[in-house]
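Student: Need coordinates for the below:
(4 chains)
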Number of protein chains: 2
Amino acid sequence: MFSKELEYIREILISKGYKLTYQRKLIVRVFLENPQMHFSPLDISNQIVKKGKFVSIATIYRNVKFLRDIDIIEEIIYGDEKLYELKIFAQKSIHIHIYCIKCNKIYNYLNLKVSHNLINYINHLENQFSFDIKKADFSLKGICSNCIVKGGDFYS
Amino acid sequence: MFSKELEYIREILISKGYKLTYQRKLIVRVFLENPQMHFSPLDISNQIVKKGKFVSIATIYRNVKFLRDIDIIEEIIYGDEKLYELKIFAQKSIHIHIYCIKCNKIYNYLNLKVSHNLINYINHLENQFSFDIKKADFSLKGICSNCIVKGGDFYS
DNA sequence: CTTGATGCAAAGGATTTGCACAAAT
DNA sequence: ATTTGTGCAAATCCTTTGCATCAAG
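Tutor: The predicted structure follows:
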């Protein structure tokens, strides 16, 4: 499974003088198997252990940074933690994350038609402030439809 | 200076059973004196020391969380750090932060006319996903006009 | 074989916490 | 007087790093 994707990633690494090790394969597989999900380094470790394999946590830390630096995964900040998600093969340009403050789920909306709207807005900001924008993250916090249905007050 | 604001904050605290201590006043003053600025706990400590006063770093950590919880200041994430800024008296609903990845300045745009645009977009998202949105943070990273002028490649 | 990569354990840095004491109401 | 708040130092948590060894190319 995912041998095609791994082979492609191997080529990227090799072209830059890096190696695709056993451990890196295990880490990348976690992302390939869950292309929409976010993982902390510890989450990744747990996923690997769940399969009966092992990669030291230090190696995982080293590799999430490494994979981020070469644009294979992306780092997002959620509250206290840094989470990582697949970037390559995802071809998205703008990030929209919607967090539910009640159930703590993260809804990760990719390039929907909806983003079109947002692109215009970003262009507008670029002009207004003479800023060359490389990355746009839109983070919304609120209560998801699921938790609204369940009812109950959140704010005192 | 700021006795009016501090008195108002005292009332809020007291109504909730808390006290406005000497240390809390010093901390709040840092924010009142710099309503547009962002501070880390260490920054706050430095500001206080600069005035020849002292508050222990543990107390500052305790109080930024405390002041955040009662909505007097707001926590924003910038890279690795948590920064805090005045929220009360600022009456803004939507946050737009633009970061320059070259000079590391944070441009903090408040409720400009520009936000109008954004409010429509947020309403749109609320409808599309049946989400009750409480907070919207828009984070843009790029290169500010100042650094563009200076020239030089940023990306290899 | 050569160089990059890993695992371990120790170090590091930021944040939190237990406890005795201080001070705000 | 009470009870919250503070300072200190120790503890904790997350992340990084030095070093000897391993393995990918």
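Student: Give me the helices and strands touching the longest strand along chain A, please.
Tutor: Looking across chain A with DSSP state E, the single longest strand is strand A:132-143. Applying 3 or more CB pairs under 8 Å, 6 or more residues apart in numbering or on different chains; DSSP states H and E, we find strand A:132-143 packed against strand A:94-100, helix A:114-129, helix B:114-129, strand B:132-143. All C-beta atoms are positioned from the backbone trio N, CA, C, and that covers glycine.
Student: buried set for that strand?
Tutor: Buried residues in strand A:132-143, counting neighbours by 16 or more other CB atoms under 10 Å in any protein chain shown, are found at A:133, A:136-143.
Student: just stretch A:15-26 next, same as before
Tutor: A:20, A:23-26.
Student: now, which of those lie close to chain B?
Tutor: For chain B, no contacts are drawn from the buried residues of stretch A:15-26 by CB under 8 Å from any CB of the partner chain.
Student: between the residues you listed, which is closest to DNA strand D?
Tutor: A:Leu20 (4.2 Å; CB to the nearest atom of the strand).
Student: need the contact list for that closest one.
Tutor: By CB atoms under 8 Å, 6 or more residues apart in numbering or on different chains, the residues touching A:Leu20 are A:6, A:9-10, A:13-14.
Student: tell me the secondary structure for it?
Tutor: coil (DSSP: H, G, I helix; E, B strand; the rest coil).
Student: Local confidence estimate at it?
Tutor: At A:Leu20, the model reports a pLDDT of 97.
Student: hang on, the earlier thing: now narrow the buried residues of stretch A:15-26 to whatever sits close to DNA strand D.
Tutor: Applying CB under 7 Å from any atom of the strand to these, one finds that A:Leu20 fall near DNA strand D.
Student: How about the residues of chain A by DNA strand C?
Tutor: Counting by CB under 7 Å from any atom of the strand, chain A sits next to DNA strand C at A:13, A:17-19, A:21, A:23-24, A:54-56, A:58-59, A:62-63.
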